[in-house]
Each structure stands twice: as C-alpha cells, then as structure tokens.
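# I'd like to go over a predicted model; first the sequence, then the structure.
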Amino acid sequence: MSRSVQLDRVGMTFGTTRAVSDVTFTVEDGEFFSILGPSGCGKTTLLRIVAGFLRPTEGTVLIGGRDMAGLAPNRRPTAMIFQSLALFPLMSVRENIAFGLEARGVGKAERSRKADELLDVVALGGFGDRKPGELSGGQRQRVAIARALAVEPDVLLLDEPLSALDLKLRQHMRAELRALQKRTGVTFIYITHDQGEALAMSDRVAVMSAGVVEQIGAPQDLYANPQTPFVAGFVGETNRIAGRVAALAGGIATVDTGLGPMRGRAGPGLAEGQAVKLYVRPEALTPGTGGENSLAARVERVDFEGAFALAHGRLADGEEMIASIPATRLADAPGIGTEAAFHFDTDHAVVLADA
C-alpha cells in the first residue's frame, strides 16, 4: 500500500481567522517532507488536519489514495509525536513503547517482543526497564519515536520534536531521525521553524507564510533559487538591495540601484521598470573589487563564529550588509571602522519583485 499523502485545496478558518489557505501538495511514499515557517504560519494546523484532530473547512486529505474525510485520528494510518513527547513517567520505557499496542488488544508477550525489537531499532537495547526520568533528552526522544512506530503507521507526523533539546543534541538527533526514517521507510511529515533542521534532514521542504505555501522544493533548490521574497529572506541569511529593473536578457536582470547597476538571475514575472530587490547570500560576497556587482560598506563589527566570521557593514544607502568570511581566510577580514569593498558573481544573486 502506498504511504503517500495528498492535500488538495485544503483550507482552515477559525471564526474570522484564516489559518490555512488553498494548500495543495503531495508527499511521496517514503519521503522525509518538512513544513517550515515562523510561529503562527499555519504549519501545525496543517499537521493536525492530516492527523485528523482538525476537520478542514474545505479541501481533501488522502493517505495512500484513501480519502480521510470523517475518519478519527485512531482510525488513520498515522502516528504523531508532539513537542512535549508525552511519555508516561510512571511506566517503564518498554511499557511506554507498548502502550499503543495494548490499546489495540495485542497480547502481553507480543507487546514485549515488539517493544524490545523497537528498542534495538532506536539504539536503546537494554533500556526497557528504565523510567523516562532516568533517560537523557535524546533518549526520551527516541522512546517517543519507538512508541509511534510500534503501531506501524504509514505516516509519522512530527510537531517540532527537537525544539526543547540543546543545540548539540538537536544536531545529533537530526542525523538519527534521518537515518531512522530511511531504515524504516515510513513517510515522515516534519514541522519546524528551524531552517537548519529542515535543510539538513528533508528530501523536500514546503515553506509556509500566513497560511499559504510559498514554495516547495529540495533544500538546495530552496536555498539557491528562492521564488518569493519571503522564501529568500526566511531560508538562510541574505542581503537585500532595492532598485528597479533596467533590462532583462537571457534570464538575467540588470537592476538600477542607489549603489549603481547590479545584475542577478531574474526571478518569475519580472518586467522592465518594476520595483525589485536583489538578494545575495553573505557567503557569495567576496572581499575586494570586481568587474561588476561591486559594493562598498563601512564595517561596524566582525563576529567570529568558529568556521567563519561575519562582517557586518553599512552600505552607502544606509542598509546593512553581511559578508561571510571562511576561518581559513580571516586575514582578509576588513577592520572595524574601515571602508571595505566586496563583489559577487551574477549567478549567485537573484532578483525578485518587491513584496
């Protein structure tokens, strides 16, 4: 049976508040699919619609080609992991994992066998008799995943499950979740506001803003080829330079800006004379002067981040500029208070209609 999830023109209204608008996409069988966006954008509402906790105002949800309309959460081929994990503190780890099986009438011996099997899957063999309070945050996270997998869902729904963990553990759990998803073949739909999580783990990412899906694509494509100003600004750090389109040719837009003419890849639907912004990533800015796309900024501070340093400067039009300098080239970092030159390649910038 297919483990795909299809949303067709799904919308959700709470009173006068439009939480989700006309969302249509398909999550493929066995895909790790993330929904990324800021708080309040509608991503958790969408997940709860798929799980069956909310009935959409309009539209349809299909799982494995079957319409989920009218089906309660416990009758859907899904399992959900909440941000709080919701483990039972007085139950052992084994009992927590087997809880869903007990609710389905599975015998004690089979429940125990299945729980021990899943403990091995999540690398917690031998921990079955412990209580959740005796485990680390990452271990409790794995118990929650094992409990969800125990009922053999076709689709696992994860609502910001790593948000309570510290940075190092979050990074470790990203790799573990990705490996576990590939090993089990279960379709994952993962909700997060953390772009690092979404980019690191996902096969594809849907970026949401104000109830609308702005763009769907592979992580590398979203980062390199944003199609809307929101995606360009939300997915990764970026610099924005305002101007108007002077010319369009061969997929390249020439933009008249207050800093001189700049060139970048033309986004969708541009026309000559249109107000636009040119977006260029900090790592695309190279210290020194170039033939075109040159900038001059007064450096206000340089933040050392370990593998790189971020030079924060002020352009002549008053806008902030951020350039990333690899740690191996810190000798090239401009001094604070100096006027520094930077340039970028046309192919590393994108021009989008002004929002």
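All right, it came through fine. In this text the structure is predicted, and so the values were computed from the model without any measurement.

# only C-alpha atoms for contact and neighbour calcs from this point on.
Fine.

# pull the CA atoms of stretch 322-341 into PDB?
The C-alpha coordinates for stretch 322-341 follow below in PDB (Å, rounded to 0.1, in the frame of the first residue of the first chain):
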ATOM      1  CA  ILE A 322      26.600  40.900   5.900                       C
ATOM      2  CA  ALA A 323      29.600  39.100   4.400                       C
ATOM      3  CA  SER A 324      30.700  35.600   5.400                       C
ATOM      4  CA  ILE A 325      34.500  35.000   5.500                       C
ATOM      5  CA  PRO A 326      35.800  31.500   6.000                       C
ATOM      6  CA  ALA A 327      38.100  30.900   9.000                       C
ATOM      7  CA  THR A 328      40.900  30.000   6.700                       C
ATOM      8  CA  ARG A 329      40.800  33.500   5.200                       C
ATOM      9  CA  LEU A 330      40.400  35.600   8.400                       C
ATOM     10  CA  ALA A 331      43.500  37.600   7.300                       C
ATOM     11  CA  ASP A 332      41.200  39.000   4.600                       C
ATOM     12  CA  ALA A 333      38.600  40.200   7.100                       C
ATOM     13  CA  PRO A 334      38.300  44.000   6.900                       C
ATOM     14  CA  GLY A 335      39.000  46.100  10.000                       C
ATOM     15  CA  ILE A 336      36.200  47.600  12.100                       C
ATOM     16  CA  GLY A 337      35.600  51.200  11.100                       C
ATOM     17  CA  THR A 338      37.200  50.800   7.700                       C
ATOM     18  CA  GLU A 339      35.600  51.200   4.200                       C
ATOM     19  CA  ALA A 340      35.700  47.800   2.600                       C
ATOM     20  CA  ALA A 341      35.000  46.600  -0.900                       C
END
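
# Can you tell me the SS state at Glu197?
When classified by DSSP: H, G, I helix; E, B strand; the rest coil, Glu197 comes out as helix.

# pretty sure it is touching Ala175, no?
No - the criterion here is C-alpha atoms under 8 Å, and Glu197 misses it with Ala175 at 9.8 Å.

# higher neighbour count, these two?
The neighbour comparison of Glu197 against Ala175 (other C-alpha atoms under 10 Å) goes to Glu197, with 21 against 13.

# show me the contacts for that one.
171, 174 (C-alpha atoms under 8 Å, 6 or more residues apart in numbering).

# how much space is there between it and Phe342?
As judged by C-alpha to C-alpha, to the nearest Å, Glu197 and Phe342 stand 30 Å apart.

# same check, this time on Leu36
From Leu36 to Phe342 the distance is 32 Å (C-alpha to C-alpha).

# Between the two, which is the more surrounded one?
Neighbours around Leu36 and Phe342, counted as other C-alpha under 10 Å, are more numerous at Leu36. The numbers are 27 against 17.

# now the more buried one, nearest residue through space, not along the chain?
Spatial nearest neighbour of Leu36, excluding adjacent residues (C-alpha to C-alpha, 6 or more residues apart in numbering): Val207 at 4.8 Å.

# How about the one you found: which residues does it bridge to?
Legend: beta-bridge partners of Val207 under DSSP bridges are Leu36, Gln215.

# Find the nearest non-adjacent residue to Leu248, please.
Thr254 (6.4 Å).
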